[in-house]
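Engineer: Attaching a predicted model along with its sequence, questions to come.
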Amino acid sequence: MIKIAPSILSADFVNLERDIKAVSSADYLHVDVMDGAFVPNITIGVPVVKSIRKCTDMFLDVHLMMEKPVRYIEAFAGAGADMLSVHLEADHPTRIAEALRIMGDCGVKKAVALRPITKAEAVLPYIEELDMVLVMTVEPGFGGQAFIEDQLDTIRRVRAIIEKYNPACELEVDGGVAPNTAPLVVGAGANVLVAGSAVYGAADIPAAIAALRG
């Protein structure tokens, strides 16, 4: 089954609780955390995730676009994240491994994320312990960017690695996902689709979520 994870980056933060309830028919709630260092933008932190947790029982898929994310795993887990994604480019491999270990200790699901510059094979040292791999189809940092079609090959290669080493692992795609690109990423092997403007920019949000599922 294809899962949809609306990104609150496209929500109205003045009315965040309202906009979270508006996507309750989705499977996950995607929360983009940006630090202004790993990416050239700053979004939200631990207090907002804690507040989100209080207003919804949706699965919180928290995407850490930040340098040295190992420093914040316990805090975001304690704030109510159900899954944490850390970027492989954000720290030394030993520290990424440490971040994943702490996720396990905290009882949250484990994921790694890949920027477009990163090859699929970078997931190999971690794949057997992961619950999800997140492939970016835009450069992380801002919403509303154009889909990078070359990333379809990365999605296919990550899917092949997952099937070989950890078939239960999910494959999420984030960036430029819309009705015209969703079939492409699903065809390449993704089963979790992050969508921001394609959901929150729609006149009928539940219908937009259903359309992305296909």
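Structural biologist: Ah, there it is. Residues are numbered from 1 along each chain as shown.

Engineer: In three-state terms, label the nearest residue to Ile8 once chain neighbours are set aside for me.
Structural biologist: Nearest residue to Ile8, sequence neighbours excluded (C-beta to C-beta, 6 or more residues apart in numbering): Val31, at 5.9 Å. Yep, even glycine has a C-beta here, placed from its N, CA and C like the rest. For Val31, the secondary-structure state derived from DSSP: H, G, I helix; E, B strand; the rest coil is strand.

Engineer: go on, Ile4?
Structural biologist: The assignment at Ile4 comes out as strand when based on three-state DSSP.

Engineer: which ones are touching the residue lying closest to it once chain neighbours are set aside?
Structural biologist: Counting by C-beta to C-beta, 6+ apart, the nearest residue to Ile4 once its immediate chain neighbours are dropped is Ala26, at 4.6 Å. By C-beta atoms under 8 Å, 6 or more residues apart in numbering, the contact list for Ala26 reads Lys3, Ile4, Ala5, Pro6, Met58, Val199, Ile209.

Engineer: Show me where the protein dips below the pLDDT cut-off.
Structural biologist: When the per-residue scores of the chain are filtered using pLDDT under 70, the ranges that remain are 143-144.

Engineer: For the residue nearest the centre of the chain, which residues are in contact?
Structural biologist: The residue at the geometric middle of the chain, judged as the C-alpha nearest the mean C-alpha position with C-alpha atoms, centre = their mean, is His63 (4.9 Å). For His63, the residues meeting the contact criterion (C-beta under 8 Å, 6+ apart) are His30, Val31, Asp32, Val33, Ser85, Ala113, Leu134, Asp174, Val194.

Engineer: Nearest residue to the last one in space, please, no chain neighbours.
Structural biologist: The spatially closest residue to Val194, leaving aside those adjacent along the chain, is Asp174, at 3.8 Å (C-beta to C-beta, 6+ apart).

Engineer: hmm, back to that, what distance do you get for the residue nearest to the centre of the chain to Val199?
Structural biologist: When distances are taken as C-beta to C-beta, to the nearest Å, His63 and Val199 turn out to be 16 Å apart.

Engineer: again with Leu134
Structural biologist: For Leu134, the distance to Val199 under the criterion C-beta to C-beta works out to 17 Å.

Engineer: cool, Lys3 as well?
Structural biologist: Computed as C-beta to C-beta, the Lys3 to Val199 distance reads 13 Å.

Engineer: repeat for Leu9
Structural biologist: Using C-beta to C-beta, Leu9 is found at 11 Å from Val199.

Engineer: Just want to know which of these two has more residues nearby.
Structural biologist: Neighbour comparison, Leu9 and Val199: the larger count goes to Val199, with 29 against 22 (by other C-beta atoms under 10 Å).

Engineer: That one contacts Pro206, correct?
Structural biologist: No: here Val199 does not reach Pro206: they are 9.5 Å apart, not a contact under C-beta atoms under 8 Å.

Engineer: Compute the number of surrounding residues for the closest residue to Lys68 other than its chain neighbours.
Structural biologist: Here the nearest residue to Lys68 in space, its sequence neighbours aside, is Asp91; by C-beta to C-beta, 6+ apart that works out to 5.1 Å. By other C-beta under 10 Å, the residues close to Asp91 number 20.

Engineer: was I right about Asp91 contacting Tyr72?
Structural biologist: No: distance between Asp91 and Tyr72: 11.6 Å, which falls outside the contact criterion (C-beta under 8 Å).
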